[in-house]
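next input, structure requested:
(chains A and B)
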Number of protein chains: 2
Amino acid sequence: MNEYKDIRYMKKALQQAEIASNNGEVPVGAVLVLEDGREFAAHNAPISENDASAHAEMRVIRAACKSVENYRLPDSTLYVTLEPCLMCCGAIIHARIARVVYGATDPKTGAAESLYQALSDKRLNHQPDITSGVLANESGKLLKSFFQDRRSH
Amino acid sequence: MNEYKDIRYMKKALQQAEIASNNGEVPVGAVLVLEDGREFAAHNAPISENDASAHAEMRVIRAACKSVENYRLPDSTLYVTLEPCLMCCGAIIHARIARVVYGATDPKTGAAESLYQALSDKRLNHQPDITSGVLANESGKLLKSFFQDRRSH
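Residues are numbered from 1 along each chain as shown, chains lettered A, B, ... in the order given. This next block holds a predicted model:
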């Protein structure tokens, strides 16, 4: 059951990643789903937003927090096309997000399994459930093609 | 020379921490100083801003990025009264902040030296200079008194 839902939302996150790519931003997209089904989608946008913190994950977390008028999102699920970095893992923990589903791993800056296992660190005060590898190939292809295009210019 | 400047800016960061405390937020304050001397100050505000990511550090980084219209702040110094968490260390690295000066250490969530040494991690693509312990007692007193007051209510 979760599997079909995960693929459905990850496809929406991939659409966001494509928007990022079209904007000249590293193609990462995210969708945050609240318990009541409300959805928030965002693409990676640090350059276009002039904001070092404007990763896709941060943008959906902020949008959802504003909408529910709370700094915590306890029963929500975050879908993101790429393994979250340190900053985003920190925000996920602060927001008490219940479940994180991501696509490709990020060997350079990933902090959920690659460089750190921040989301499973029992010393911190929250550990979300994690599902990884959902539509990972599609996410990886977008990233690869983005960086190949950049190198060829 | 740096020492006097550090104390001067940390006093301003402590004033921000007091504002946070008066707002019922964990008392942490930050000041970000650009190379040209422009300053940005902010207090911790997740509850009042309905934003899990609204730590003092994140708020000054965002404000400075918007002001200089860039997602990087390469020659800036960040002053913060408490050791930054994972999220804030991540944002500091993304923004390429040149130097981080902090007060008290945070044994529960500190990611610069306590739980992680994220700002010195050579696998990540930036390592700021770090000075710690500046007016640490003053910062610690504010935090201690804030949590004592909360327990007594």
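
which strands and helices lie in contact with the longest helix that chain A contains?
Counting residues, the longest helix found in chain A (DSSP state H) is helix A:2-22. Packing partners of helix A:2-22 (3 or more CB pairs under 8 Å, 6 or more residues apart in numbering or on different chains; DSSP states H and E): strand A:29-33, strand A:39-43, helix A:56-68, strand A:77-82, strand A:99-104, helix A:136-151. The way it works is simple: take the backbone N, C-alpha and C, and place the C-beta from them, glycine included.

any idea how far that helix is from the chain center?
10 Å (CA atoms, centre = their mean, to the nearest Å).

same thing with stretch A:43-60?
The answer for stretch A:43-60 is 11 Å, by CA atoms, centre = their mean.

so which bits of the longest helix of chain A are buried?
Applying a neighbour-count criterion of 16 or more other CB atoms under 10 Å in any protein chain shown, one finds A:6, A:9-11, A:13-14, A:16-17, A:19-21 buried in helix A:2-22.

and for stretch A:45-60?
Along stretch A:45-60, these residues count as buried under the neighbour rule (16+ other CB under 10 Å): A:45-47, A:49-60.

and stretch A:85-104, by the same measure?
Neighbour-count burial for stretch A:85-104 flags A:85-97, A:99-104 (criterion: 16+ other CB under 10 Å).

how about that stretch as PDB, C-alpha atoms only?
Extracted C-alpha coordinates of stretch A:85-104, given in PDB (Å, rounded to 0.1, in the frame of the first residue of the first chain):
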ATOM      1  CA  CYS A  85      22.100  17.000   3.500                       C
ATOM      2  CA  LEU A  86      23.100  17.900   7.100                       C
ATOM      3  CA  MET A  87      21.000  21.100   7.100                       C
ATOM      4  CA  CYS A  88      17.900  19.400   5.900                       C
ATOM      5  CA  CYS A  89      18.300  16.400   8.200                       C
ATOM      6  CA  GLY A  90      18.600  18.900  11.100                       C
ATOM      7  CA  ALA A  91      15.400  20.700  10.000                       C
ATOM      8  CA  ILE A  92      13.600  17.300   9.600                       C
ATOM      9  CA  ILE A  93      14.400  16.500  13.200                       C
ATOM     10  CA  HIS A  94      13.400  19.900  14.500                       C
ATOM     11  CA  ALA A  95      10.100  19.600  12.700                       C
ATOM     12  CA  ARG A  96       9.500  16.100  14.100                       C
ATOM     13  CA  ILE A  97       8.600  14.800  10.600                       C
ATOM     14  CA  ALA A  98       7.400  11.200  11.100                       C
ATOM     15  CA  ARG A  99       8.700   9.600   7.900                       C
ATOM     16  CA  VAL A 100      11.200  10.500   5.200                       C
ATOM     17  CA  VAL A 101      11.200   8.900   1.800                       C
ATOM     18  CA  TYR A 102      14.000   9.600  -0.600                       C
ATOM     19  CA  GLY A 103      15.300   8.600  -4.000                       C
ATOM     20  CA  ALA A 104      19.000   8.600  -4.900                       C
END
